[in-house]
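>>> Make a model of this:
(one chain, ligands or ions: 1)
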Amino acid sequence: MHELSIAMSIAELAIREAQQAKALKINEIEIDVGDWSGVDYEALQFSLNAVLQSEEMLRHSKLIINRCKPMMHCKTCHHDFTPQAMYCKQCDSCGAETLELKQGRELSLKALVIED
Ligand SMILES: [Zn+2]
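All right, here's what the predicted structure looks like:
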């Protein structure tokens, strides 16, 4: 259960941040998940809901999961596009092989709305 351990570490991080801010409750938790992050989206969502229910601070939090589509950036012509596959090597505008993955692998806590 890879997704469960990810969900638990996201919840721990959220609680730690909220405690540092001296909050008593987390109203909203927002997470970015890239389509190429390697996690099973459905399983992660399920695990997160279960983990949130088990934590006092998170029990009433609204969970927002942003799915991030893969986005390639060409360093030659600065064109951004959605690659058809992970092994995409060529810019679909100028044909250069100077691509970098700009978005799509994220798996992180993006924002918290806390109540103090
Ligand atoms: Zn290009």
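
>>> these two touch, right, Ala14 and Ala111?
No - assessed by CB atoms under 8 Å, Ala14 is found out of contact with Ala111, at 9.9 Å. Just so you know, the C-beta spots here come from the backbone N, C-alpha and C atoms, and that holds for glycine as well.

>>> who touches both of these two?
Taking CB atoms under 8 Å, 6 or more residues apart in numbering as the criterion, Ala14 and Ala111 both touch Ile29.

>>> Of those two, which one has the most company?
Taking neighbours as other CB atoms under 10 Å, Ala14 and Ala111 compare with Ala14 leading, 24 against 12.

>>> Provide the secondary structure category for that one.
Ala14 falls in the helix class when you classify it by DSSP: H, G, I helix; E, B strand; the rest coil.

>>> next one: Leu4
Leu4 ends up helix, using three-state DSSP.

>>> repeat for Phe46
Per three-state DSSP, Phe46 ends up helix.

>>> Just the pLDDT at it, thanks.
On the pLDDT scale, Phe46 is placed at 96.

>>> How about Leu101?
Looking at Leu101, its pLDDT is 94.

>>> what about the spatially closest residue to it that is not a sequence neighbour, neighbour count?
Closest residue to Leu101 apart from its sequence neighbours, by CB to CB, 6 or more residues apart in numbering: Met72 at 6.1 Å. Met72: 21 surrounding residues under other CB under 10 Å.
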